[in-house]
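In: please find the sequence and the predicted model below.
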Amino acid sequence: MIARARHAIEAFEHDIAVVRLRPNSKRGFDSDFLDTPARDCGELVRWIEQGCNWGINPGASGIVVVDVDGPEGERVLAAQSDMLGALPPTLEVKSQRPEGGRHLYFRCADAASIVRTVPWLGKELDLLAGHTHAVGPGSSIDGREYTLVAGSFAEIATMPKPWHDRLKRRNLRVSPTAFPIGRWDMGDGRWDMGDGKVVGEEVAESCDIVRSAVRGVFDRISIEQRGTANRTIFKLATNARGALPGAGDEPPEFVLRLLDRWIDRCGSNTEKPRDEIVDHFIDGWERFDANLLGLGSVRAEADLAADDPRMCEAFPNAGEKLRLLARMCVVLQRRQHQRPFFLSQREAALVLGVEQPTVGVWLRKIVKVGALELVSRGRRFDENGNRCKEAKASEYLWRW
C-alpha cells in the first residue's frame, strides 16, 4: 500500500486526474468517479488507507494509454511498430493479467477528444482514452499488483506523429463496438445519410465526425448497477445533446435509433420498461440548457478583456482557451460584486468547445497557482434531497 500511495501522489503532483476505484477491483468507486478526481494528496492518502485502488482519467490528463494484453497483444504491437515506427520509451505499467500485459502511457494534445477503442489496431491491443480510466500502479486485484516497470509520471513520452495520425484516423471511423449508421454513395459526389437527407461529400464527412462523437457517448455510458438508471439516462441525454450543438428540442431520428440499440445492450441492468427509458431520455434532452449560467454572454465579454500578465507568466505555454476560461472567471467574479460565483464544468465546456474533463484539469491548474479559490464543491442534491439548480456547479472566488 505504500507503493500505491507513492505512485498516486506522484501522478497527482504531475497534473494527472487521479480517480478512486473499489478495493480489490478495477471498477470505479461510484457512478460519478470519473467526474470527481482527487482534490489533494490528503484525500488520496485517505483512499489508500481505506484499501481502495486508484486509476487515472486519460482524457482529463492529456494522456492516452496503449493496453497490450498478453502474447497476442505483443504480436500485434510489433506488427504495427514495423509499419508506424517503434514507440519511444515511456511510463510502462505491468498489468495484473496472469498471461501478461502492460500499459504504455503517452502524452496527446487532443486526448480529451479521443474515444476509447476495444480492440484498437488488432486483437488484444486496446486504447484507453477519453472519458474512461486506466488502473494505476500499486493497485492490486486478488493479490496480483499493477507494477511500474519503467519511467515515471514526470517522463511520459509524447505519442509519435505516425501513431497519432493513425489513432485519429481510427477514431473518426466506426469502431467494432459502435453502432452502424448508414451512409451510401449516390454517385455524382452526393451521399445518402440514411435519414432522408442527401448531402455533398464534405458535408457527409462532417456529419460522420459529429455522429462518431454521439456514438461515443452511447458507447461509454452504461448502467453499471441497478438503482442508477434515472441518473444514467439523464446523463446520456445531456451528453448526446451536448455533442449536437445545433440540435433542436426533439432528438433526431438517428439518436433515437442509437438509444434503441443502447437499451438492447444496457437495458438488462434496469427494471425500467423500454417506453419509460425513452420518455426519461427525451425529458433529459428537452431540459438540457447549454447556457444555464449565462456563460455565452460571459465569454463574449471575456473575449474583449486583456490577458492578465500573471496568467501569461504562470502558464507560458497555455492555450488560448485556458486563458479565456480564466478571463471568464474574472467576469463572473465582477458580476457577483466580489462574492463567490458558481461555475459548472459542463456549461463551461460547451461554451469553450472542449471536453468537460478538460475544464476540470484547467480549473485545478488555475487553483494551483493561487489565481482561483475553490470555495465549495458542487452537489447534485441539497440537504432535503432536492436537485440543486446549480447541479455539479462548484463555487469559486477569483484571487488575483
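Out: That came in fine, so what should we check first?
In: which stretches of the stretch 101-250 of the chain have low pLDDT?
Out: Low-confidence segments of the stretch 101-250 of the chain, defined by pLDDT under 70: 118, 122-123, 168-213, 224-228, 242-249.
In: tell me which stretches of it form helices.
Out: 161-171, 201-220, 229-242 (DSSP state H, counting those that start in this stretch).
In: identify each buried residue in the last one, please.
Out: Read it as helix 229-242. 229, 232-242 (16 or more other C-beta atoms under 10 Å). Yep, even glycine has a C-beta here, placed from its N, CA and C like the rest.
In: next helix or strand past that helix?
Out: helix 253-266 (DSSP states H and E).
In: run through the neighbouring helices and strands of that following helix.
Out: On a contact count with 3 or more C-beta pairs under 8 Å, 6 or more residues apart in numbering; DSSP states H and E, helix 253-266 meets helix 201-220, helix 229-242, helix 274-287.
In: can you tell me which residues contact the residue nearest to residue 255 when sequence neighbours are not counted?
Out: Sequence neighbours aside, residue 240 is the residue nearest to residue 255 in space, at 5.9 Å (criterion: C-beta to C-beta, 6 or more residues apart in numbering). Residues near residue 240 by C-beta atoms under 8 Å, 6 or more residues apart in numbering: 214, 217-218, 251, 255, 258, 285.
In: and the two most separated of those residues?
Out: 218 and 285 (13.4 Å; C-beta to C-beta).
In: if we can go back for a sec, what's the distance between the residue nearest to residue 255 and residue 375?
Out: 32 Å (C-beta to C-beta, to the nearest Å).
In: how about residue 20, secondary structure?
Out: strand (DSSP: H, G, I helix; E, B strand; the rest coil).
In: do residue 66 as well
Out: Assignment for residue 66 (three-state DSSP): strand.
In: for residue 106, see how far away it is.
Out: Using C-beta to C-beta, residue 66 is found at 7 Å from residue 106.
In: overlap in contacts, those two.
Out: residue 87.
In: list the contacts for the closest residue to residue 398 other than its chain neighbours?
Out: Excluding the flanking residues, the one nearest residue 398 by C-beta to C-beta, 6+ apart is residue 333, at 3.9 Å. Residue 333 makes contact with 341, 396-398 under the criterion C-beta under 8 Å, 6+ apart.
In: and if you look at residue 67?
Out: 73, 95, 101, 103, 125-128, 134.
In: can you get me a residue count around the closest residue to it other than its chain neighbours?
Out: Excluding the flanking residues, the one nearest residue 67 by C-beta to C-beta, 6+ apart is residue 126, at 4.0 Å. Residue 126: 21 surrounding residues under other C-beta atoms under 10 Å.
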